[in-house]
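1. coordinates for the following, if possible.
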Amino acid sequence: MKKFALIALAATSAFIAMPAAAQTVTGTITLTGSVAPKCSVVPGGGSTFADSVDFGELSTASGTLRAGLSAEFDAAVDDFQVVCTSANPVVSVTANPLATAATAATGYDNSIDYDASVAFSLVAGGPTTVTDDSSIAGATGTTLGARLANASNIHITANNFRTNAATDILVASPTYSGTISISIAPGV
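-> Have a look, this model is predicted:
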């Protein structure tokens with residue numbers, strides 16, 4: 001019997017010496033951040049993109065506006081990629097005539113108008129094209145209504161180059177210049 005008492009005492013001592021059952025401990029790490037509404041040019045993340053077209057001689061041998069400027073423009077201007085973190089970017093296009101400061105008398109012209117079009121490729125619904133006529137002051141704009149595609153998403157064209165009258169003679173000048181300005185802002 002002593003043997004059983006000794007075994008029972010040893011078992012009780014071992015049970016008392018064992019620590020209490022381990023408890024599970026949990027923790028939570030909360031991560032936060034934000035993304036501001038913004039648009040930027042890819043690659044590089046800058047806020048501007050640019051290209052240029054040098055048409056060279058603008059007139060024919062008879063002094064009128066030569067043909068082919070639209071095709072030359074299209075061949076010279078690359079597509080661009082802009083990314084916006086917001087869903088509805090607001091865009092505008094402003095075409096300024098290809099002009100010189102030289103004075104133009106009746107039957108002559110110192111300004112070449114055209115239509116500038118910018119096709120914005122979207123994630124859904126196909127491209128949205130915004131066109132501005134350089135003969136009308138001010139910008140043409142819209143809200144795209146969808147996110148810009150995550151690829152080359154801006155295609156710029158210029159067409160319908162014209163003088164006031166098809167028979168107008170362009171005045172001589174070493175510099176005719178114009179611009180197409182494109183604005184892309186994050187929407188809400």
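2. got the end-to-end distance for stretch 72-90?
-> 29 Å (C-alpha to C-alpha, to the nearest Å).
3. can you pull the contacts of the residue nearest the centre of the chain?
-> Centroid-nearest residue in the chain: Val82, 2.8 Å away (criterion: C-alpha atoms, centre = their mean). When contacts are counted by C-beta atoms under 8 Å, 6 or more residues apart in numbering, Val82 touches 39-42, 49, 148, 153-154, 184. C-beta: built from backbone N, CA, C; applies to glycine.
4. and the strands in this protein, which stretches?
-> In the chain, the strands defined using DSSP state E lie at 39-42, 81-84, 90-99, 108-109, 111-120, 128-133, 140-143, 154-162, 169-170, 177-185.
5. of those strands, which is nearest Thr24?
-> strand 81-84 (44.8 Å; C-beta to C-beta).
6. okay, the closest one in PDB with CA atoms only?
-> Presented in PDB, the C-alpha positions along strand 81-84 are these (Å, rounded to 0.1, in the frame of the first residue of the first chain):
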ATOM      1  CA  GLN A  81      -0.100  57.600 -71.700                       C
ATOM      2  CA  VAL A  82      -1.600  59.500 -68.800                       C
ATOM      3  CA  VAL A  83      -2.900  57.700 -65.700                       C
ATOM      4  CA  CYS A  84      -5.500  59.200 -63.300                       C
END
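7. average model confidence for that strand?
-> Rounded to a whole number, the mean pLDDT of strand 81-84 is 96.
8. that one: how far from the chain's middle?
-> Chain-centre distance of strand 81-84: 4 Å, with C-alpha atoms, centre = their mean, to the nearest Å.
9. mind listing what's buried in that strand?
-> 81-84 (16 or more other C-beta atoms under 10 Å).
10. returning to what we had before: okay, the strands of the chain in JSON lines with distance to Val53 next?
-> Shown next, in JSON lines, are the strands of the chain (distance: least, C-beta to C-beta, whole Å):
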{"stretch": "strand 39-42", "distance to Val53": "19"}
{"stretch": "strand 81-84", "distance to Val53": "20"}
{"stretch": "strand 90-99", "distance to Val53": "10"}
{"stretch": "strand 108-109", "distance to Val53": "20"}
{"stretch": "strand 111-120", "distance to Val53": "11"}
{"stretch": "strand 128-133", "distance to Val53": "17"}
{"stretch": "strand 140-143", "distance to Val53": "20"}
{"stretch": "strand 154-162", "distance to Val53": "8"}
{"stretch": "strand 169-170", "distance to Val53": "17"}
{"stretch": "strand 177-185", "distance to Val53": "10"}
